[in-house]
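*Asks:* with the sequence up front, the predicted model follows.
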Amino acid sequence: MFPICDDSGRIVTLYGRTTATAADGEGKRHVYLPDRVKGLWNAPILKSSPHVIVVESVLDALSVETAGVGNVVAIQGTNGLSDADLATLRAQGTQRVTLLLDGDAAGQAACQRLKEKLAGFAVDVVTLPGGEDPNSFLVKHGAAALAGLLAPPASPGPAVPAPGVAPSPGGLSLTFGLRRYDVRGLEKSARGLKATVRVERAGKLHVDTLDLYSARARRQLAVDLVRILEETPDTIEADLIKLLTACETHADKPLANVGAKLTDAMSDADRREGEAFGRDPKLIDAILADYALCGLVGERANKLLFYLVITSRKMAVPISALNLASSGAGKSAQQDGALRFCPPEDLVKLTSLSGKALFYKERDSLKHKVLALEEGDGAQDAMYALRNLISAGELITESTIKDPASGRLITMTNKVEGPTAVLITTTNPEVDPESKSRFFVTSVDESKAQTLAILAAQRRRHTLAGRTEAADLAAVLRRHHAFQRLLRPLTVVNNYADQLTYGDDRLPGRRDQPKYLALIAAVAFLRQMQKPVKTLPNGQPYIEVDLADIQLANDLANELLGHSLAELSRPAYELLLLLGQMRAAWAKTAPKSKQALENFSFSRREVREFAGWAHARVYRYLRELVELEYVVIEGGRHGVLHRYGLAWDGQGKDGGKFFLGLKPVEQLRPLA
């Protein structure tokens, strides 16, 4: 008689085996309790072994154990392995199943049937010769021969993910029965496997951060889980062994695989909707319309810039933005609205950041991600790290630690890879220039007209139409997440770059022109599904910038980085108009080949003579024009005459914004 236990060790039924031969006429060889499930003999072994050998009878299982192999279960006949038994295998995290059934016709037919039933597991089949079963093979050939049949194959084939183990944003999730383990912040090094583990069972919860390579830390976690979850020590110990194995496997894979798996698992409907969205000729209008559903009105340039930032995370050189505005102006609402369109697995959102925190993150935790900080004041000490992350695309630090094995001090190098797109909001206008130079610095429209539009939108959200639009928001976000996940990391080629201009004698172009070119590339990258994909000589796929990309980038540059004559004091505005008239008078007498804007220069004395202004007035308001970059100093030092150049060519008289030095799309030559 053999007790049959479940995976927790509780007896669920009995199995009887007759020792008499058939000639003795003793009746049935196998006896079961009536109206009871047959179950799996030796089911508790499933807790500690991801690989299990399946045989037909208990005597066969005992024979396998005699051969020195303990990870064996008996299914009680060729018709065994019920759906409940399959659920037990999945709940305990079984990965590989070896079928060792009888070598007769019934056994081999059962092998084929069970292979189909075990879909989702890695299945091996060991065939016994001459119609033998494991017990008869043991008796005839001995334990060593049976153990040789069960030796693992030289090439076991590709690893199959354990049932109940799945990637999740920022980590992985494991489910064993009613127990769910969520792992976050997994970081593997030569001497550690650190993670935060969240365990839940039937409403009971425990969270711990530990080094899974530390036996002491695992032992303490096991003690806590046994007490809190009211599980047996064997159950929790087996869970932690599987957890350790799964975390090792996951940590060895690039973090980007999580996004790839989510893309592969995307439904056909979501994939079609995401592709249709990307191919829409009115893609930009559609993005702005979806912003409106999120409750954001106006601010066209800011909304498109932030969307381009989150999209550029997949590019080799992303763009970053800093939103500088007064408290309560709505800068966080703008940023949060854009971040809702970013897939959660690609978003790292923080409210505070210490100076060294980024240097010690796991290697791939920021690679092709969006790093969003809600308030720059909470990250002042981290600005150096942010600047280097944006500029160099990586962070490398070395620190001295004590080797726990030898007791010696050793140097540990930690590398955090980018590229990373960064979004920051701040109320501090004193952000250092070195940091500002890495960002597109923008602000919130604080005009009365924008305030009225926001108040109207807030009221609308409480109406029936507003509630209906809010109900559609989930579908809108799902469409954007699908579109963002489908974007390919294509190279962007700008064949118009040689024709473009960027105010080389007026603005710090060496620093700022790369941002302008990156903005054009980001627009082209956003519109990649509307472009043919070509191949470089090295086989790398790429897309090309077209005039529509440059036009949109110029519009955004004019709006975000441009000037407005309204920013000038009234006397400075009048002086600028006089300088324009002065240049027009000069152009009438200058040779035609010399009439370009950059060839016009003047001194303060020439301005006084032309305008009839006093020296103090010319000096004061000319300095204002220099500070706001309408006028540039071309030369001069102590004892040498100062000369100035005019960086303005009449733009903005209609009240609109303009960016000095950008060549209009209409002036670009068509490509051959």
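*Replies:* In hand now; what should we look at? Numbers count the residues shown, from 1 in each chain.
*Asks:* so what are the domain limits for this structure?
*Replies:* Here the domain assignment for the chain is 2-149, 165-253, 268-489, 490-562, 565-656, based on automatic domain parsing.
*Asks:* could you dump these to JSON lines with distance to Lys663?
*Replies:* Where C-beta positions appear, they are placed from N, C-alpha and C, glycine not excepted. Shown next, in JSON lines, are those (distance: least, CB to CB, whole Å):
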{"stretch": "domain 2-149", "distance to Lys663": "59"}
{"stretch": "domain 165-253", "distance to Lys663": "43"}
{"stretch": "domain 268-489", "distance to Lys663": "20"}
{"stretch": "domain 490-562", "distance to Lys663": "4"}
{"stretch": "domain 565-656", "distance to Lys663": "12"}
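*Asks:* Leu671 is nearest to which of the ones you listed?
*Replies:* Of all the domains of the chain, it is domain 490-562 that lies closest to Leu671, at 5.5 Å by CB to CB.
*Asks:* what about the stretch 501-650 of the chain, any weak spots by pLDDT?
*Replies:* Within the stretch 501-650 of the chain, the ranges that satisfy pLDDT under 70 run 503-511, 561-566, 595, 635-640.
*Asks:* can you map out the strands along it?
*Replies:* For the stretch 501-650 of the chain, strands defined by DSSP state E, counting those that start in this stretch occupy the ranges 534-535, 541-544, 601-602, 631-635, 643-646.
*Asks:* which stretch among those strands comes nearest Glu187?
*Replies:* Closest approach to Glu187 among the strands of the stretch 501-650 of the chain (CB to CB): strand 541-544, 32.5 Å.
*Asks:* any idea what sits nearest Ile520, other than its immediate chain neighbours?
*Replies:* Ala553 (4.3 Å; CB to CB, 6 or more residues apart in numbering).
*Asks:* what of Arg479?
*Replies:* Using CB to CB, 6+ apart, the closest residue to Arg479 is Glu273 (5.1 Å).
*Asks:* what about the one you found, is that helix, strand or coil?
*Replies:* helix (DSSP: H, G, I helix; E, B strand; the rest coil).
*Asks:* that one contacts Leu477, correct?
*Replies:* No: with contact defined as CB atoms under 8 Å, Glu273 does not reach Leu477; the gap is 11.8 Å.
*Asks:* now the stretch 101-250 of the chain, which segments are flagged as low pLDDT?
*Replies:* For the stretch 101-250 of the chain, the stretches with pLDDT under 70 are 152-164, 168-170, 190.
*Asks:* now do the helices in it.
*Replies:* 105-117, 134-141, 143-149, 215-229, 233-251 (DSSP state H, counting those that start in this stretch).
*Asks:* let's have these in CSV, adding mean neighbour count and distance to Gln458.
*Replies:* Shown next, in CSV, are the helices of the stretch 101-250 of the chain (neighbours: other CB atoms under 10 Å; distance: least, CB to CB, whole Å):
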stretch, mean neighbour count, distance to Gln458
helix 105-117, 15, 58
helix 134-141, 18, 74
helix 143-149, 15, 74
helix 215-229, 15, 45
helix 233-251, 19, 44
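*Asks:* okay if I get those as JSON lines plus distance to Ile520?
*Replies:* Below are these laid out as JSON lines (distance: least, CB to CB, whole Å):
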{"stretch": "helix 105-117", "distance to Ile520": "55"}
{"stretch": "helix 134-141", "distance to Ile520": "70"}
{"stretch": "helix 143-149", "distance to Ile520": "66"}
{"stretch": "helix 215-229", "distance to Ile520": "51"}
{"stretch": "helix 233-251", "distance to Ile520": "38"}
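*Asks:* span of stretch 331-349 from start to end?
*Replies:* By CA to CA, to the nearest Å, the extent of stretch 331-349 from end to end equals 15 Å.
*Asks:* gap between that stretch and the chain center?
*Replies:* Relative to its chain's centre, stretch 331-349 lies at 12 Å (CA atoms, centre = their mean, to the nearest Å).
*Asks:* and it, which residues are buried?
*Replies:* Using 16 or more other CB atoms under 10 Å as the test for burial, stretch 331-349 gives 331-332, 334-343, 345-348.
*Asks:* how about residues contacting it?
*Replies:* For stretch 331-349, the surrounding residues in contact (CB atoms under 8 Å, 6 or more residues apart in numbering) are 169-170, 258-259, 262, 290-291, 294-296, 299, 302-303, 306-307, 309-310, 313, 323-325, 365-366, 368-372, 374-375, 423, 425, 444, 477, 480-481, 484-485.
*Asks:* distance from the chain centre to stretch 547-557, please.
*Replies:* Computed by CA atoms, centre = their mean, the chain-centroid distance of stretch 547-557 equals 27 Å.
*Asks:* contacts for that stretch, please.
*Replies:* The contact list for stretch 547-557, computed with CB under 8 Å, 6+ apart, reads 284, 301, 304-305, 496, 500, 516, 519-520, 523-524, 527, 659, 662, 664-665, 668.
*Asks:* measure Ala122 to Gly107 for me?
*Replies:* Computed as CB to CB, to the nearest Å, the Ala122 to Gly107 distance reads 21 Å.
*Asks:* just the strands in the stretch 251-400 of the chain please.
*Replies:* 321-324, 347-350, 369-373, 394-402.
*Asks:* out of those, nearest to Leu455?
*Replies:* Of all those, strand 321-324 comes closest under CB to CB, at 20.8 Å.
*Asks:* buried only: go through the contacts of stretch 547-557 for me.
*Replies:* For these, buried by 16+ other CB under 10 Å: 284, 301, 304-305, 496, 500, 516, 519-520, 523-524, 527, 659, 662, 665.
*Asks:* what is the nearest of those residues to Ser267?
*Replies:* Arg527 (24.5 Å).
*Asks:* can you list the residue ranges for strands in the stretch 51-200 of the chain?
*Replies:* Going by DSSP E, counting those that start in this stretch, the stretch 51-200 of the chain shows strands at 51-55, 72-74, 96-99, 122-125, 165-168, 171-176, 179-189, 192-201.
*Asks:* quick one: contacts of the shortest one?
*Replies:* Defining contact as CB under 8 Å, 6+ apart, one finds that strand 72-74 is touched by 40-43, 45-46, 52-58, 60-61, 64-65, 80, 100.
*Asks:* ok, which stretches of the stretch 551-672 of the chain are helices?
*Replies:* Secondary structure of the stretch 551-672 of the chain (DSSP H, counting those that start in this stretch): helices at 570-589, 604-611, 615-627.
*Asks:* nearest to Leu146, out of those helices?
*Replies:* Between the helices of the stretch 551-672 of the chain, helix 615-627 lies closest to Leu146; by CB to CB that is 89.6 Å.
*Asks:* helix 604-611 and the closest one, what's the angle between them?
*Replies:* 110 degrees (axes from the mean of the first three to the mean of the last three CA atoms, to 10 degrees).
*Asks:* going by contacts, tell me the helices and strands next to helix 615-627.
*Replies:* helix 570-589, helix 604-611, strand 631-635 (3 or more CB pairs under 8 Å, 6 or more residues apart in numbering; DSSP states H and E).
*Asks:* mind listing what's buried in the last one?
*Replies:* By that I understand strand 631-635. Those buried within strand 631-635 under the rule 16+ other CB under 10 Å are 631-632.
*Asks:* again with the first one
*Replies:* Under the neighbour-count criterion of 16+ other CB under 10 Å, helix 570-589 has 572-573, 575-576, 578-579, 582-583, 586 buried.
*Asks:* ok, now stretch 60-72?
*Replies:* 60-64, 67, 69, 71-72.
*Asks:* re earlier: so which of the helices of the stretch 551-672 of the chain comes closest to Ala385?
*Replies:* The nearest among the helices of the stretch 551-672 of the chain, by CB to CB, is helix 615-627 at 31.1 Å.
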